[in-house]
Every structure is written in C-alpha cells, then in structure tokens.
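J.: Sharing a model that was predicted from the sequence below.
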Amino acid sequence: TAKLTYVLPGNEPAELSRGVDAVNKKLAADGVGVELELKYFAWDVWDQKINLMLSTGDDFDMFAVMNDRVTIANYASRNALADLTDIFSKYGENIIANCPELAIKSGQVGGKQYGIPAFWVESALDHQGLIRTDLLKKYGVDKVPTTWDELTTAFQTDMANWDGNQKPYLPMIGTSQVGGYFFNSDSNYVLYENMIYVNQDGTIKNYFETDTFKESCQNARDWYLKGLINPDVLTVTSDQMNNQLNTGDWLVHAGTIGDISSLKANYPDVTVDDFAWLDFDTETPEIRPYGTRNMQAVPASSKNPEASVKFINWLYASQENFDLFIYGEEGTDYNKLSDTDYEAIVDETGVPKYNVATWLAGNISFEYLNANAPTPVNEHLYTTDKTAVDGIAALMTFDASSVQTQVADVNTQISAVIAPMACGAVDYDSNIENALKLLKTAGIDKIVAEFQAQYDASKK
C-alpha cells in the first residue's frame, strides 16, 4: 500500500481524521493500494508553502492547482511536476470517462499530462455576480439591478442605510484584484496568466493596454470613492474576506457562495431564494476559458506518482466512493434529501464537521446540489450552459518555461502597480503610464508574443 499525502488549501475540518479513516477503510476494502493523508495549509500561506515544498523536494504526493491563481503551466515550467501521461492512460479510466476532452487537455502542457482535472462546475461564469435580494428589499430597493448604474445606486442606498455589524463592502482582496471581469462591460474576452487579453475575434494583447482594463479600473475607483469598497482593501486577507462572506455582511459579491448556513447566524430569515444572478449582458454567449480551473498535480519529488491517479480514479468509480470522500458519512456529515440534493450537517458555527470542497476534486457526474446553496448558484454552476462557447484559446495550455523570468518579474510589478488601480485604491489616469513602463521593462511584451506564437502553433 502506497501512502498518498494530499496537500490542500484552507482550514482543516474539525473531524478530519474520522473522515479520512472512513475513506481509508473503503480504499483498503476495494484493494486500491493507496492510503490517504490530507494536509491543509491556510490560504494566506498557501502559495509560499507550496513553492517551498516544491523547491526543496519535500516528500508529498499530490496538491491542489487553481489555474486562476497559479496555472499548471507555471508549475510545469519550473520542472516541479511529475509527467502523468503514461500513468494516466494506465490507471485513469474513470477520470477519462467522466471528464470532457476540454477538461483533460486543461491539465496538459506541451502535450504531456501534468494535471488531473476536477470537472466540477460550468466554467463560463467570469462576468457575473451575486446579489442579496433580501437586503435590497430591506433597504427599499424594489427591483434587482439590470445595469451597472442601477447596481451602483442600489449599493449606495443599502450602504447608507446599513445597520449590520460590519459595513457591506464588496468582498475583495485588493492585492489579487487584477482581472476585473466584474467591473467592465467587455463580454468577448478571456484573461490568461492574469495579463494576456484574448478576444474571441482573435485579438491577443497586453491586457493592461486595453480599454477593458481602463474601464475596470475606472469603475472600481468610482466604487472606492463612493465608499462601496473597503478603504483598507489592499490589506484585506483571504481569511477576512471569507469571514465577511460567512457572516453575511455583504450585498454584492463578484463570485458565488456554496452554502448559506453560516449566514443564518446573523440573518436567520435568509433563504436560498434570497439571491439573484447579476448578468448585464444576456445576449452575448458566455465563454469557457478552459475545461476546468481546478485540478490536482503530482510533485516531481513524489515517490509514488501513480497513487494520485489511482486515488482520483477510485473517487470517480462510484457514487459511494465520491460521497464518502467529498461529503463524509451519511447521517453524520450530511443527509441525502433526494437523488440530486443533500444537506450538510453542521456544527454550532455553521461549518460541516467533515467535508472536502467540491471545487477541489469534484465532478459534475457525481455532485449533489446543496440544498443550502443559493438557488441561482445551483442553477448556473451545476448545469451545463448549452449556449456557452469555448474560448478560442481554451484547448491551449500556455507553456511559460521560455519566459518564466519575465512572468515572475511582471507578476511582481502587477502586485505593486496594477493591483492598486484594479481595486480602485488609486486612480487609473495618474498611474497607468508609469505602470505600463514598468511592465514593459519587466518583459510583458515578450510574454504576450510567446503566447501568440503558441496560440498560432496550436491552431495548426
């Protein structure tokens, strides 16, 4: 039996050992030859910890990759990952059967399989958000906003009359606010590597030179000056933002939430129907940037790289296996309400005693809809959008190995001079010229040119 040390971001469930013991008993009974160990690192140290473990060759076997945070190509360019191509073919039958080609290829770099995809959600969602209709009604706003100006007015109304524990600033981590899909009206592009603008018409360019980025910064600045964005946004941590989402002191979220149980502590009357989907352009099809944002990767230092593929393959072998690892033990950690719905059993703080987030290793083929999730979230995330289109670069995984120095230097400048503009903390007009000079010095033009060359090659 091979030990599989799986490293995950976030907070460890209170009864993690019990949940993992149950999974290991089933793995042993099924003869998988894998014994699971889960290790969690808090979000605030996640990137630092993973980078250190990879660079020092620590003994671990699998870790979570979030392509919208650090891409699989980024890790592969450092020679930090094990090549799973042959292992995938030999032991990944259930993974291949339950993930579409676009998702499988999202885990490939240079034709090699480095990622084990988690096809857990419809990915064509970047330009939307969520709004609390119970709070709109409470503060006298009689309809869900259908334009940016209406949203701004509604937000100002609620902010001015707010009587909650904390001001309902837009939940945001300023230091990582770069893309700004929520803040602009351009519905025809995908942002790759947090710097490369790819329009469906074939335009590929430096995102920070586009009118789209300018509009994002200007709208964010407007909200910042109107007091809708936290004045200390650049020091907000992920734990602070998650705490705000969990306590319910927010009106608008440029994202989704998966469970309202924790909100009920402060808002006992809130229901799953007290939320609405914000989408100001319903005419343009949504774009899938890639098959999946999330996947698992195996470090090059792993002594048992096949164990990771065997485990995820076991996970996708049956509903029983999936339920046990993701949701826990029925009757203890969750109750099944129907063939499609479940309800987590939570502690006094509204948190499940054991579960693993579906976005980490979930799959649409097996996931239940959470009866405590906002209705529009279930409708949009866990139903395939049949009108959506694949991004023109969705089947391409950018290999940044030839420009890794430039990528590192540009990301340093993005954190320093782009993020403050993108979250509205400083104005665009006074800062963009200097920012673009620093980005060009750092090598952003070379990165964009390399992306363009790889895109052209992939089309052939």
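T.: Thanks, I have it. Note that the structure is a prediction, hence the values are computed from the model and not measured.
J.: Surely G115 and K105 touch.
T.: No: the pair G115 and K105 fails to qualify as a contact (CB atoms under 8 Å) at a distance of 9.6 Å. In this view, the C-beta of every residue, glycine as well, is placed from N, C-alpha and C.
J.: which of the two has more neighbours?
T.: G115 (29 against 20; other CB atoms under 10 Å).
J.: what's near enough to touch D341?
T.: Y368, L369, N370, A371 (CB atoms under 8 Å, 6 or more residues apart in numbering).
J.: Reformat these as a markdown table; add secondary structure.
T.: Listed next are the contacts of D341 as a markdown table, based on DSSP: H, G, I helix; E, B strand; the rest coil:
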| residue | secondary structure |
| --- | --- |
| Y368 | coil |
| L369 | strand |
| N370 | strand |
| A371 | coil |
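J.: any idea which of the residues you listed is closest to G179?
T.: The shortest gap between G179 and any of the contacts of D341 belongs to N370, at 26.3 Å (CB to CB).
J.: what's the neighbour count on that closest one?
T.: 23.
J.: Extract the C-alpha trace of the helix or strand containing Q452 and format it as CSV.
T.: With elements taken from DSSP states H and E, the one containing Q452 is helix 444-459. C-alpha atoms of helix 444-459 as CSV (Å, rounded to 0.1, in the frame of the first residue of the first chain):
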residue,chain,number,x,y,z
ILE,A,444,5.4,41.7,-20.6
ASP,A,445,5.7,42.2,-24.4
LYS,A,446,7.8,39.1,-24.7
ILE,A,447,5.3,37.0,-22.7
VAL,A,448,2.4,38.2,-25.0
ALA,A,449,4.5,37.4,-28.1
GLU,A,450,5.2,33.9,-26.8
PHE,A,451,1.5,33.3,-26.0
GLN,A,452,0.7,34.5,-29.5
ALA,A,453,3.3,32.1,-31.1
GLN,A,454,2.0,29.2,-29.1
TYR,A,455,-1.6,30.0,-30.0
ASP,A,456,-0.7,30.2,-33.7
ALA,A,457,1.0,26.8,-33.4
SER,A,458,-1.9,25.3,-31.6
LYS,A,459,-4.3,26.4,-34.3
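J.: Residues touching it, excluding its own?
T.: 192-193, 195-196, 198, 204-206, 208, 392-393, 395-396, 398-400, 402-403, 406-407, 410.
J.: Using PyMOL, define a selection of the buried residues within those.
T.: Buried subset of these, written as a PyMOL selection, criterion 16 or more other CB atoms under 10 Å:
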select buried, resi 192+193+195+196+198+204+205+206+208+392+393+395+396+398+399+400+403+406+407+410
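J.: any idea where the helices of the stretch 201-350 of the chain begin and end?
T.: 211-225, 238-247, 305-315, 319-326 (DSSP state H, counting those that start in this stretch).
J.: Tell me which residues of the last one come out buried.
T.: Same thing as helix 319-326. Those would be N321, F322, D323, L324, F325, I326, for helix 319-326 by 16+ other CB under 10 Å.
J.: just the longest one next, same as before
T.: Using 16+ other CB under 10 Å as the test for burial, helix 211-225 gives T212, F213, K214, E215, S216, C217, Q218, N219, A220, R221, W223, Y224.
J.: what's the average pLDDT for it?
T.: Helix 211-225 shows a mean pLDDT of 97.
J.: Partner strands of the worst-scoring helix or strand of the chain on mean pLDDT, with direction?
T.: Lowest mean confidence among the helices and strands of the chain (mean pLDDT, DSSP states H and E): strand 369-370, at a mean of 84. Taking DSSP bridges as the criterion, strand 369-370 sits next to strand 341-344 (parallel) in its sheet.
J.: in the strand it pairs with, what's buried?
T.: For strand 341-344, by 16+ other CB under 10 Å, it's Y342, A344.
J.: re earlier: biggest separation within the buried residues of helix 319-326, which pair?
T.: For the buried residues of helix 319-326, the maximum inter-member distance is 9.3 Å, found between N321 and I326 (CB to CB).
J.: what residues does the least confident helix or strand of the chain touch?
T.: G258, D259, T340, D341, Y342, E343, A344, N378, Y382.
J.: and if we set it to 10 Å?
T.: 258-261, 272, 327, 334, 337-338, 340-344, 358, 375, 377-379, 381-383 (CB atoms under 10 Å, 6 or more residues apart in numbering).
J.: could you point out which element follows it?
T.: Past strand 369-370, the next helix or strand by DSSP H and E is helix 375-381.
J.: and that next one, average pLDDT?
T.: 90.
J.: Please state the offset of that helix from the chain centre?
T.: 16 Å (CA atoms, centre = their mean, to the nearest Å).
J.: buried residues in that helix?
T.: Of the residues in helix 375-381, P376, V377, N378, H380, L381 count as buried by neighbour count, 16+ other CB under 10 Å.
J.: which is the next helix or strand following that helix?
T.: strand 389-390.
J.: And that next one, what does it pack against?
T.: strand 287-288 (3 or more CB pairs under 10 Å, 6 or more residues apart in numbering; DSSP states H and E).
J.: For E150, state which of the buried residues of helix 375-381 is nearest.
T.: Relative to E150, and with distances defined as CB to CB, the nearest of those is P376, at 17.8 Å.
J.: now the residue nearest to that closest one when sequence neighbours are not counted, which residues is it bridged with?
T.: Of all residues not flanking P376 in the chain, W277 sits nearest, at 4.1 Å (CB to CB, 6 or more residues apart in numbering). Judged by DSSP bridges, the bridge partners of W277 are L130.
J.: hang on, the earlier thing: got JSON lines for the helices of the stretch 201-350 of the chain, with distance to G180 too?
T.: JSON lines is the format used below for the helices of the stretch 201-350 of the chain (distance: least, CB to CB, whole Å):
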{"stretch": "helix 211-225", "distance to G180": "3"}
{"stretch": "helix 238-247", "distance to G180": "16"}
{"stretch": "helix 305-315", "distance to G180": "33"}
{"stretch": "helix 319-326", "distance to G180": "32"}
